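In: One predicted model, sequence on top.
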Amino acid sequence: MKVLLIGSGGREHALAWKLAQSPLMTEFYAAPGNPGIAEHATLVAVDVEDHDAVIAFCEEKAIDFIVVGPEAPLVAGVADRLRTAGFAVFGPSAAAAQLEGSKGFTKDICARYDIPTGAYQRFNNAPKAKAYIREQGAPIVVKADGLAAGKGVTVAMTVDEALAAVDDCFEGAFGAAGAEVVVEAYLDGEEASFFCLCDGKHALALATAQDHKRVGEGDTGPNTGGMGAYSPAPVMTPEMVERTMKDIIEPTMRGMADSGFPFSGVFFAGLMITEKGPELIEYNVRFGDPECQVLMMRLKSDLLPMLLATANGTLDQVAAEWSDDPALTVVMASKGYPGSYDKNTPIRHVPDAGKGAKVFHAGTALQDGALVATGGRVLNVTATGKTVGEAQSHAYALLDKVDWENGFCRRDIGWRAVEREKA
Ligand code: AMP
Ligand code: GLY
(Lines give C-alpha, C1' and ligand atoms only; values in the text may rest on other atoms or scores of the structure.)
(Ligands and ions follow the chains in the order given, each with its own letter.)
Protein backbone atom coordinates (compact mmCIF):
# COMPACT_ATOMS: atom_id res chain seq x y z
CA MET A 1 0.00 0.00 0.00
CA LYS A 2 1.20 3.49 -0.92
CA VAL A 3 0.59 6.02 1.83
CA LEU A 4 0.96 9.80 2.14
CA LEU A 5 1.15 11.33 5.62
CA ILE A 6 0.40 15.05 5.96
CA GLY A 7 2.07 16.99 8.78
CA SER A 8 5.44 17.76 10.34
CA GLY A 9 5.16 17.56 14.14
CA GLY A 10 6.05 15.07 16.85
CA ARG A 11 2.60 13.55 16.45
CA GLU A 12 3.32 12.84 12.78
CA HIS A 13 6.75 11.39 13.59
CA ALA A 14 5.05 8.98 16.00
CA LEU A 15 2.42 8.07 13.38
CA ALA A 16 5.14 7.62 10.74
CA TRP A 17 7.25 5.42 13.04
CA LYS A 18 4.26 3.18 13.74
CA LEU A 19 2.85 3.12 10.18
CA ALA A 20 6.26 2.25 8.75
CA GLN A 21 6.23 -0.97 10.81
CA SER A 22 3.15 -2.21 8.93
CA PRO A 23 3.73 -5.20 6.64
CA LEU A 24 1.09 -3.65 4.34
CA MET A 25 3.24 -0.59 3.63
CA THR A 26 4.97 -0.60 0.23
CA GLU A 27 5.71 3.09 -0.42
CA PHE A 28 5.56 5.81 2.23
CA TYR A 29 5.66 9.58 1.65
CA ALA A 30 5.28 12.54 4.02
CA ALA A 31 4.52 16.19 3.28
CA PRO A 32 6.22 18.26 4.51
CA GLY A 33 7.59 15.92 7.23
CA ASN A 34 10.71 16.57 9.34
CA PRO A 35 14.15 14.95 9.78
CA GLY A 36 12.72 12.34 12.19
CA ILE A 37 9.94 11.38 9.79
CA ALA A 38 12.58 11.09 7.07
CA GLU A 39 13.87 7.96 8.88
CA HIS A 40 10.65 6.22 7.83
CA ALA A 41 9.21 8.00 4.77
CA THR A 42 10.30 9.91 1.69
CA LEU A 43 9.75 13.63 2.30
CA VAL A 44 7.98 15.51 -0.48
CA ALA A 45 7.89 19.28 -0.92
CA VAL A 46 4.17 19.54 -1.71
CA ASP A 47 2.45 22.61 -0.25
CA VAL A 48 -0.30 21.02 1.87
CA GLU A 49 -2.33 24.24 1.76
CA ASP A 50 -2.53 23.86 -2.03
CA HIS A 51 -5.14 21.10 -2.29
CA ASP A 52 -4.78 20.84 -6.07
CA ALA A 53 -1.07 20.17 -5.63
CA VAL A 54 -1.76 17.47 -3.02
CA ILE A 55 -4.24 15.77 -5.37
CA ALA A 56 -1.81 16.01 -8.30
CA PHE A 57 0.91 14.36 -6.19
CA CYS A 58 -1.43 11.55 -5.08
CA GLU A 59 -2.48 10.92 -8.67
CA GLU A 60 1.09 10.92 -9.95
CA LYS A 61 2.24 8.39 -7.33
CA ALA A 62 -1.05 6.41 -7.34
CA ILE A 63 -1.34 6.87 -3.57
CA ASP A 64 -3.81 4.45 -1.95
CA PHE A 65 -4.33 6.16 1.38
CA ILE A 66 -3.75 9.60 2.90
CA VAL A 67 -3.38 10.15 6.65
CA VAL A 68 -3.90 13.75 7.79
CA GLY A 69 -2.16 14.56 11.10
CA PRO A 70 -2.98 18.18 12.12
CA GLU A 71 -6.30 20.01 12.40
CA ALA A 72 -5.60 23.01 10.16
CA PRO A 73 -5.71 21.11 6.83
CA LEU A 74 -8.84 19.26 8.01
CA VAL A 75 -10.66 22.47 8.91
CA ALA A 76 -9.51 23.81 5.52
CA GLY A 77 -11.21 20.84 3.80
CA VAL A 78 -8.27 18.80 2.49
CA ALA A 79 -10.04 15.50 3.35
CA ASP A 80 -13.16 16.55 1.39
CA ARG A 81 -11.13 17.46 -1.69
CA LEU A 82 -9.18 14.20 -1.60
CA ARG A 83 -12.31 12.10 -1.09
CA THR A 84 -14.07 13.84 -3.97
CA ALA A 85 -11.03 13.00 -6.11
CA GLY A 86 -11.54 9.33 -5.21
CA PHE A 87 -8.90 8.80 -2.51
CA ALA A 88 -9.30 7.01 0.83
CA VAL A 89 -8.47 9.48 3.63
CA PHE A 90 -8.02 9.28 7.39
CA GLY A 91 -9.48 12.49 8.80
CA PRO A 92 -12.88 14.18 9.00
CA SER A 93 -14.61 16.46 6.50
CA ALA A 94 -14.42 20.22 7.09
CA ALA A 95 -18.04 20.13 8.25
CA ALA A 96 -17.29 17.44 10.84
CA ALA A 97 -14.04 19.18 11.84
CA GLN A 98 -16.20 21.99 13.23
CA LEU A 99 -16.21 19.87 16.38
CA GLU A 100 -12.72 21.29 16.90
CA GLY A 101 -13.03 24.43 14.75
CA SER A 102 -16.00 25.91 16.62
CA LYS A 103 -16.57 25.54 20.35
CA GLY A 104 -20.11 26.87 19.91
CA PHE A 105 -20.88 24.14 17.34
CA THR A 106 -19.72 21.46 19.79
CA LYS A 107 -21.69 22.95 22.67
CA ASP A 108 -24.84 22.97 20.54
CA ILE A 109 -24.31 19.28 19.65
CA CYS A 110 -23.88 18.53 23.38
CA ALA A 111 -27.10 20.38 24.23
CA ARG A 112 -29.10 18.69 21.48
CA TYR A 113 -27.90 15.16 22.27
CA ASP A 114 -27.75 15.45 26.05
CA ILE A 115 -23.97 15.03 26.34
CA PRO A 116 -22.60 15.99 29.79
CA THR A 117 -20.64 19.28 29.61
CA GLY A 118 -20.54 22.62 31.46
CA ALA A 119 -23.65 24.83 31.04
CA TYR A 120 -22.92 27.60 28.53
CA GLN A 121 -24.12 30.50 26.39
CA ARG A 122 -22.78 31.83 23.06
CA PHE A 123 -22.31 35.59 22.53
CA ASN A 124 -21.42 37.83 19.59
CA ASN A 125 -21.08 41.02 21.64
CA ALA A 126 -19.35 42.07 24.86
CA PRO A 127 -22.20 43.69 26.86
CA LYS A 128 -24.40 40.57 26.76
CA ALA A 129 -21.46 38.28 27.58
CA LYS A 130 -20.52 40.51 30.52
CA ALA A 131 -24.08 40.65 31.85
CA TYR A 132 -24.20 36.82 31.78
CA ILE A 133 -20.85 36.58 33.61
CA ARG A 134 -22.02 39.01 36.33
CA GLU A 135 -25.18 36.96 36.74
CA GLN A 136 -23.29 33.60 36.95
CA GLY A 137 -20.34 34.74 39.09
CA ALA A 138 -16.86 33.17 39.27
CA PRO A 139 -15.11 30.82 38.74
CA ILE A 140 -16.20 30.82 35.11
CA VAL A 141 -14.59 30.02 31.76
CA VAL A 142 -14.39 32.35 28.72
CA LYS A 143 -13.50 30.85 25.33
CA ALA A 144 -12.90 32.37 21.91
CA ASP A 145 -15.12 30.34 19.57
CA GLY A 146 -12.62 29.45 16.84
CA LEU A 147 -9.15 27.90 16.55
CA ALA A 148 -6.76 30.03 18.62
CA ALA A 149 -3.72 27.74 18.79
CA GLY A 150 -4.73 26.60 22.27
CA LYS A 151 -4.62 30.16 23.63
CA GLY A 152 -8.26 31.28 23.43
CA VAL A 153 -9.39 29.91 26.82
CA THR A 154 -9.43 31.84 30.12
CA VAL A 155 -10.31 29.93 33.27
CA ALA A 156 -11.28 32.97 35.37
CA MET A 157 -11.20 32.72 39.13
CA THR A 158 -12.75 36.21 39.50
CA VAL A 159 -15.51 38.07 37.65
CA ASP A 160 -13.04 40.87 36.73
CA GLU A 161 -10.69 38.38 35.08
CA ALA A 162 -13.61 36.97 33.06
CA LEU A 163 -14.75 40.46 31.99
CA ALA A 164 -11.21 41.29 30.84
CA ALA A 165 -11.10 38.04 28.84
CA VAL A 166 -14.33 39.03 27.06
CA ASP A 167 -12.74 42.37 26.10
CA ASP A 168 -9.60 40.58 24.86
CA CYS A 169 -11.70 38.35 22.58
CA PHE A 170 -13.83 41.09 21.08
CA GLU A 171 -10.85 43.47 20.77
CA GLY A 172 -9.16 40.92 18.51
CA ALA A 173 -6.55 39.27 20.76
CA PHE A 174 -7.35 35.93 19.06
CA GLY A 175 -8.14 37.33 15.60
CA ALA A 176 -11.22 35.99 13.85
CA ALA A 177 -11.41 33.13 16.40
CA GLY A 178 -12.69 35.64 18.98
CA ALA A 179 -15.56 37.14 16.95
CA GLU A 180 -17.83 34.85 18.95
CA VAL A 181 -17.39 33.95 22.59
CA VAL A 182 -18.58 30.96 24.61
CA VAL A 183 -19.00 31.47 28.36
CA GLU A 184 -19.22 28.23 30.26
CA ALA A 185 -19.49 26.86 33.77
CA TYR A 186 -16.26 25.95 35.54
CA LEU A 187 -15.84 22.18 35.91
CA ASP A 188 -13.93 20.95 38.93
CA GLY A 189 -12.06 17.64 38.78
CA GLU A 190 -9.12 15.85 37.18
CA GLU A 191 -8.55 16.16 33.43
CA ALA A 192 -7.96 13.26 31.08
CA SER A 193 -7.75 12.79 27.33
CA PHE A 194 -9.66 10.00 25.64
CA PHE A 195 -8.98 8.79 22.10
CA CYS A 196 -11.44 6.86 19.97
CA LEU A 197 -11.58 6.03 16.25
CA CYS A 198 -14.93 6.56 14.52
CA ASP A 199 -15.99 5.65 10.97
CA GLY A 200 -19.36 7.45 11.10
CA LYS A 201 -21.27 4.39 12.34
CA HIS A 202 -18.89 2.50 14.61
CA ALA A 203 -16.53 3.65 17.35
CA LEU A 204 -13.38 1.87 18.52
CA ALA A 205 -12.00 3.06 21.87
CA LEU A 206 -8.22 3.49 21.75
CA ALA A 207 -6.54 4.64 24.95
CA THR A 208 -6.31 7.43 27.52
CA ALA A 209 -3.60 9.95 28.36
CA GLN A 210 -2.81 12.95 30.50
CA ASP A 211 -1.12 16.06 29.16
CA HIS A 212 0.81 18.84 30.95
CA LYS A 213 -0.34 22.07 29.35
CA ARG A 214 1.48 24.64 31.48
CA VAL A 215 5.08 25.50 30.69
CA GLY A 216 6.31 25.41 34.30
CA GLU A 217 6.87 22.70 36.87
CA GLY A 218 3.95 22.10 39.23
CA ASP A 219 1.60 23.10 36.39
CA THR A 220 2.42 26.82 36.57
CA GLY A 221 2.96 29.55 33.97
CA PRO A 222 1.36 30.07 30.59
CA ASN A 223 -0.40 27.40 28.54
CA THR A 224 1.50 25.59 25.78
CA GLY A 225 0.63 22.96 23.19
CA GLY A 226 1.67 20.38 25.80
CA MET A 227 4.99 19.84 27.64
CA GLY A 228 4.66 16.10 28.16
CA ALA A 229 2.16 13.29 28.52
CA TYR A 230 1.70 9.77 29.73
CA SER A 231 -0.67 6.91 28.98
CA PRO A 232 -2.82 5.43 30.39
CA ALA A 233 -4.48 8.06 32.62
CA PRO A 234 -5.10 6.33 35.98
CA VAL A 235 -8.27 8.39 36.55
CA MET A 236 -9.81 6.70 33.50
CA THR A 237 -10.86 3.44 35.13
CA PRO A 238 -12.71 0.86 33.00
CA GLU A 239 -15.96 2.26 34.41
CA MET A 240 -15.11 5.82 33.37
CA VAL A 241 -14.11 4.60 29.89
CA GLU A 242 -17.43 2.77 29.54
CA ARG A 243 -19.38 5.86 30.66
CA THR A 244 -17.40 8.06 28.28
CA MET A 245 -18.26 5.77 25.37
CA LYS A 246 -21.93 5.53 26.28
CA ASP A 247 -22.64 9.10 27.46
CA ILE A 248 -20.25 11.16 25.30
CA ILE A 249 -18.77 9.37 22.27
CA GLU A 250 -21.77 7.37 21.04
CA PRO A 251 -24.27 10.28 21.27
CA THR A 252 -21.73 12.52 19.48
CA MET A 253 -21.32 9.96 16.71
CA ARG A 254 -25.10 9.63 16.30
CA GLY A 255 -25.64 13.38 16.65
CA MET A 256 -23.06 14.19 13.98
CA ALA A 257 -24.59 11.65 11.56
CA ASP A 258 -28.16 12.89 12.26
CA SER A 259 -27.05 16.50 11.76
CA GLY A 260 -25.67 15.63 8.32
CA PHE A 261 -21.97 15.68 9.34
CA PRO A 262 -20.99 12.01 9.82
CA PHE A 263 -17.64 11.92 11.62
CA SER A 264 -14.79 9.83 10.24
CA GLY A 265 -11.43 10.03 12.01
CA VAL A 266 -10.23 10.19 15.60
CA PHE A 267 -12.16 11.76 18.43
CA PHE A 268 -9.80 13.32 20.96
CA ALA A 269 -12.11 14.12 23.84
CA GLY A 270 -10.78 16.45 26.55
CA LEU A 271 -12.60 15.33 29.68
CA MET A 272 -13.03 16.58 33.20
CA ILE A 273 -13.76 13.77 35.64
CA THR A 274 -16.05 15.54 38.07
CA GLU A 275 -18.09 14.22 40.99
CA LYS A 276 -20.81 13.41 38.45
CA GLY A 277 -18.47 11.42 36.20
CA PRO A 278 -16.89 12.27 32.81
CA GLU A 279 -17.89 15.65 31.33
CA LEU A 280 -16.74 16.97 27.96
CA ILE A 281 -14.43 20.01 27.95
CA GLU A 282 -13.71 19.97 24.25
CA TYR A 283 -13.22 17.83 21.17
CA ASN A 284 -10.24 17.76 18.88
CA VAL A 285 -10.53 15.96 15.57
CA ARG A 286 -6.97 14.63 15.33
CA PHE A 287 -4.52 12.87 17.61
CA GLY A 288 -3.07 14.90 20.48
CA ASP A 289 0.47 16.15 20.32
CA PRO A 290 2.31 14.86 22.43
CA GLU A 291 -0.40 12.36 23.48
CA CYS A 292 -0.09 10.49 20.17
CA GLN A 293 3.56 9.74 20.94
CA VAL A 294 2.67 7.78 24.11
CA LEU A 295 -0.30 6.07 22.45
CA MET A 296 1.87 4.82 19.58
CA MET A 297 4.48 3.47 22.05
CA ARG A 298 1.74 1.36 23.72
CA LEU A 299 -0.10 0.18 20.59
CA LYS A 300 0.72 -3.44 19.78
CA SER A 301 -1.60 -3.78 16.78
CA ASP A 302 -0.79 -2.66 13.24
CA LEU A 303 -1.99 0.96 12.97
CA LEU A 304 -2.43 1.00 9.19
CA PRO A 305 -5.46 -1.38 8.97
CA MET A 306 -7.06 0.48 11.89
CA LEU A 307 -6.84 3.84 10.13
CA LEU A 308 -7.95 2.27 6.84
CA ALA A 309 -11.00 0.70 8.50
CA THR A 310 -11.83 4.16 9.91
CA ALA A 311 -11.77 5.60 6.39
CA ASN A 312 -13.66 2.68 4.84
CA GLY A 313 -16.48 2.30 7.39
CA THR A 314 -15.34 -1.16 8.60
CA LEU A 315 -14.17 -0.31 12.13
CA ASP A 316 -16.46 -3.02 13.54
CA GLN A 317 -14.04 -5.54 11.99
CA VAL A 318 -10.84 -4.45 13.75
CA ALA A 319 -9.56 -4.51 17.31
CA ALA A 320 -6.73 -2.68 19.03
CA GLU A 321 -4.31 -4.37 21.40
CA TRP A 322 -2.35 -2.30 23.92
CA SER A 323 0.66 -2.91 26.10
CA ASP A 324 -0.15 -2.63 29.81
CA ASP A 325 3.17 -0.86 30.36
CA PRO A 326 2.73 2.91 30.71
CA ALA A 327 4.52 5.23 28.30
CA LEU A 328 5.68 8.76 29.09
CA THR A 329 7.01 11.54 26.87
CA VAL A 330 8.91 14.68 27.85
CA VAL A 331 8.83 17.63 25.45
CA MET A 332 12.08 19.53 24.93
CA ALA A 333 11.30 23.07 23.81
CA SER A 334 13.32 26.10 22.72
CA LYS A 335 14.17 28.43 25.63
CA GLY A 336 11.55 31.19 25.67
CA TYR A 337 8.65 28.99 24.44
CA PRO A 338 5.66 29.60 24.51
CA GLY A 339 6.91 33.18 24.03
CA SER A 340 9.53 34.13 21.45
CA TYR A 341 12.65 31.98 21.04
CA ASP A 342 15.78 31.76 18.91
CA LYS A 343 15.55 29.69 15.76
CA ASN A 344 18.12 27.47 14.07
CA THR A 345 19.97 26.62 17.28
CA PRO A 346 22.21 23.55 16.89
CA ILE A 347 21.19 20.16 18.28
CA ARG A 348 24.55 18.43 18.59
CA HIS A 349 23.42 14.99 19.69
CA VAL A 350 20.21 12.95 19.74
CA PRO A 351 20.83 9.59 21.47
CA ASP A 352 19.86 6.21 20.07
CA ALA A 353 16.90 5.11 22.10
CA GLY A 354 16.90 1.30 21.98
CA LYS A 355 13.85 -0.87 22.65
CA GLY A 356 10.87 0.64 24.46
CA ALA A 357 12.03 4.22 23.91
CA LYS A 358 12.17 6.73 21.09
CA VAL A 359 13.12 10.37 20.56
CA PHE A 360 10.48 11.84 18.24
CA HIS A 361 11.24 14.99 16.25
CA ALA A 362 8.87 17.95 16.15
CA GLY A 363 10.35 21.37 15.22
CA THR A 364 13.67 20.23 13.76
CA ALA A 365 15.32 20.74 10.38
CA LEU A 366 18.58 19.88 8.64
CA GLN A 367 20.79 22.79 7.63
CA ASP A 368 23.83 21.82 5.59
CA GLY A 369 23.49 18.33 7.02
CA ALA A 370 23.39 19.56 10.65
CA LEU A 371 20.35 19.19 12.88
CA VAL A 372 18.85 22.47 14.18
CA ALA A 373 15.79 23.46 16.20
CA THR A 374 13.30 25.47 14.20
CA GLY A 375 10.16 25.35 16.36
CA GLY A 376 8.90 25.92 19.88
CA ARG A 377 8.42 22.24 20.74
CA VAL A 378 11.39 20.40 19.26
CA LEU A 379 12.01 16.86 20.60
CA ASN A 380 9.74 14.40 22.41
CA VAL A 381 11.78 12.00 24.52
CA THR A 382 9.54 8.97 25.02
CA ALA A 383 9.99 5.81 27.08
CA THR A 384 8.05 2.95 28.64
CA GLY A 385 8.34 1.15 31.97
CA LYS A 386 6.49 -1.20 34.30
CA THR A 387 5.14 1.89 36.11
CA VAL A 388 4.80 5.57 35.22
CA GLY A 389 7.67 6.20 37.65
CA GLU A 390 9.91 3.77 35.76
CA ALA A 391 8.88 5.22 32.37
CA GLN A 392 9.68 8.66 33.80
CA SER A 393 13.19 7.63 34.93
CA HIS A 394 13.90 6.03 31.55
CA ALA A 395 12.70 9.11 29.68
CA TYR A 396 14.79 11.56 31.74
CA ALA A 397 17.88 9.32 31.54
CA LEU A 398 17.56 9.39 27.75
CA LEU A 399 16.78 13.12 27.71
CA ASP A 400 19.96 13.88 29.66
CA LYS A 401 21.96 12.45 26.75
CA VAL A 402 20.51 15.01 24.32
CA ASP A 403 23.05 17.75 23.58
CA TRP A 404 21.06 20.91 22.76
CA GLU A 405 22.11 24.05 24.60
CA ASN A 406 19.02 26.09 23.77
CA GLY A 407 16.56 23.43 24.93
CA PHE A 408 14.63 23.11 28.17
CA CYS A 409 12.02 20.77 29.62
CA ARG A 410 9.84 20.27 32.67
CA ARG A 411 11.43 17.80 35.10
CA ASP A 412 8.12 16.69 36.64
CA ILE A 413 6.19 15.11 33.76
CA GLY A 414 3.94 12.40 35.18
CA TRP A 415 4.01 13.78 38.75
CA ARG A 416 0.34 13.12 39.42
CA ALA A 417 0.56 9.45 38.44
CA VAL A 418 3.93 8.98 40.17
CA GLU A 419 2.46 10.37 43.41
CA ARG A 420 -0.46 7.96 43.08
CA GLU A 421 1.95 5.05 42.59
CA LYS A 422 3.82 6.01 45.77
CA ALA A 423 0.64 6.30 47.86
P1 AMP B 1 -9.08 24.01 25.79
O2 AMP B 1 -8.26 24.93 24.94
O3 AMP B 1 -10.54 24.01 25.49
O4 AMP B 1 -8.43 22.65 25.89
O5 AMP B 1 -8.98 24.56 27.28
C6 AMP B 1 -7.71 24.73 27.87
C7 AMP B 1 -7.78 24.28 29.30
O8 AMP B 1 -8.70 25.10 30.02
C9 AMP B 1 -8.33 22.88 29.49
O10 AMP B 1 -7.36 21.91 29.30
C11 AMP B 1 -8.80 22.95 30.93
O12 AMP B 1 -7.70 22.81 31.81
C13 AMP B 1 -9.31 24.35 31.04
N14 AMP B 1 -10.78 24.38 30.87
C15 AMP B 1 -11.46 24.50 29.72
N16 AMP B 1 -12.80 24.49 29.97
C17 AMP B 1 -12.94 24.36 31.30
C18 AMP B 1 -14.08 24.29 32.18
N19 AMP B 1 -15.32 24.38 31.73
N20 AMP B 1 -13.84 24.16 33.51
C21 AMP B 1 -12.57 24.10 33.99
N22 AMP B 1 -11.48 24.15 33.21
C23 AMP B 1 -11.65 24.29 31.89
N1 GLY C 1 -1.65 18.29 23.58
C2 GLY C 1 -2.86 18.94 23.32
C3 GLY C 1 -3.28 18.94 21.92
O4 GLY C 1 -2.77 18.25 21.07
O5 GLY C 1 -4.21 19.69 21.62
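Out: In hand now; what should we look at? Since we're looking at a predicted model, the values are computed, not measured. Numbering: from 1, shown residues only. Ligands and ions are numbered 1, 2, ... in the order given.

In: is stretch 13-27 up against ligand 2 anywhere?
Out: No. For stretch 13-27, no contact with ligand 2 is found by Cβ under 6 Å from any ligand atom; the gap never falls below 12.0 Å. Placement of C-beta: from N, CA and C, glycine included.

In: Find me the pLDDT at Gly150, would you?
Out: pLDDT for Gly150: 60.

In: ok, now Thr274?
Out: Value for Thr274, per-residue pLDDT: 96.

In: Just give me the neighbour total for the nearest residue to it once chain neighbours are set aside.
Out: Excluding its sequence neighbours, the residue lying closest to Thr274 (Cβ to Cβ, 6 or more residues apart in numbering) is Gly189, at 4.0 Å. Residues lying near Gly189 (other Cβ atoms under 10 Å) number 16.

In: what does Gln121 give?
Out: 16.

In: For it, give me the backbone phi and psi.
Out: phi -140, psi 150 (degrees, to the nearest 10).

In: next one: Arg243
Out: Dihedral angles (degrees, to the nearest 10) for Arg243: phi -70, psi -40.

In: Okay, it and Ala88: tell me how far apart.
Out: Distance of Arg243 to Ala88, given as Cβ to Cβ, to the nearest Å: 33 Å.

In: buried stuff in the host helix or strand of Leu197?
Out: Using DSSP states H and E, the element containing Leu197 is strand 190-198. For strand 190-198, burial by neighbour count (16 or more other Cβ atoms under 10 Å) applies to 191-198.

In: now do stretch 253-267
Out: Here stretch 253-267 shows 253, 255-256, 259, 261-267 as buried, counting by 16+ other Cβ under 10 Å.

In: And stretch 320-335, by the same measure?
Out: Buried-residue list, stretch 320-335, by 16+ other Cβ under 10 Å: 320, 325-334.

In: export those residues to CSV and tack on pLDDT, distance to ligand 2 and secondary structure?
Out: Shown next, in CSV, are the buried residues of stretch 320-335 (pLDDT from 0 to 100; distance: Cβ to the nearest ligand atom, whole Å; DSSP: H, G, I helix; E, B strand; the rest coil):
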residue, pLDDT, distance to ligand 2, secondary structure
Ala320, 97, 20, coil
Asp325, 98, 21, coil
Pro326, 98, 17, coil
Ala327, 98, 15, strand
Leu328, 98, 14, strand
Thr329, 98, 11, strand
Val330, 98, 13, strand
Val331, 98, 9, strand
Met332, 98, 15, strand
Ala333, 98, 13, strand
Ser334, 98, 17, strand
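
In: Need the pLDDT of the residue nearest to Thr274.
Out: Confidence score, pLDDT, at Gly189: 95.

In: gap between Asp80 and ligand 1?
Out: Separation of Asp80 from ligand 1 (Cβ to the nearest ligand atom, to the nearest Å): 25 Å.

In: go on, Ser334?
Out: Distance from Ser334 to ligand 1, by Cβ to the nearest ligand atom: 22 Å.

In: Isn't that residue up against Glu405?
Out: No. Using Cβ atoms under 8 Å, Ser334 is not in contact with Glu405; the gap is 10.6 Å.

In: any common contacting residues for these two?
Out: Thr345 (Cβ atoms under 8 Å, 6 or more residues apart in numbering).

In: got the contact list for the closest residue to Tyr113 other than its chain neighbours?
Out: For Tyr113, ignoring the flanking residues on the chain, the nearest one in space by Cβ to Cβ, 6+ apart is Gly255 at 3.8 Å. The contact partners of Gly255, taken as Cβ under 8 Å, 6+ apart, are 109, 112-113, 115.

In: per-residue pLDDT, Gly255?
Out: 96.

In: Contacts for stretch 165-183, please.
Out: 103-104, 107, 120-126, 129-130, 132-133, 136, 140-148, 151-152, 154, 156, 162.

In: how about 6 Å then?
Out: 103-104, 120-124, 126, 129-130, 132, 142-148, 152, 154 (Cβ atoms under 6 Å, 6 or more residues apart in numbering).

In: Distance from that stretch to the middle of the chain?
Out: Mean-position distance between stretch 165-183 and its chain equals 23 Å (Cα atoms, centre = their mean, to the nearest Å).

In: Can that stretch be said to contact ligand 1?
Out: No. Counting by Cβ under 6 Å from any ligand atom, ligand 1 is not contacted by stretch 165-183; separation bottoms out at 9.4 Å.

In: sorry, back to before: return the closest of the buried residues of stretch 253-267 with respect to ligand 2.
Out: The nearest member of the buried residues of stretch 253-267 to ligand 2, counting by Cβ to the nearest ligand atom, is Val266 at 11.3 Å.

In: in a helix, that's where that closest one is, yeah?
Out: No. Counting by DSSP: H, G, I helix; E, B strand; the rest coil, Val266 is not found in a helix; it is strand.

In: Check the secondary structure at the residue nearest the centre of the chain for me.
Out: The centre of the chain sits closest to Gly288, judged by Cα atoms, centre = their mean, with a distance of 1.8 Å. Under three-state DSSP, Gly288 falls in the coil class.

In: Can we start the residue count at 516 from this point?
Out: Done: numbering now begins at 516, and the last item shifts to Gly803.

In: Tell me who's in contact with it.
Out: 708, 783.

In: now do 10 Å
Out: Going by Cβ atoms under 10 Å, 6 or more residues apart in numbering, Gly803 touches 526, 708, 710, 724, 726, 740-741, 744, 746, 781, 783, 785, 809-810.
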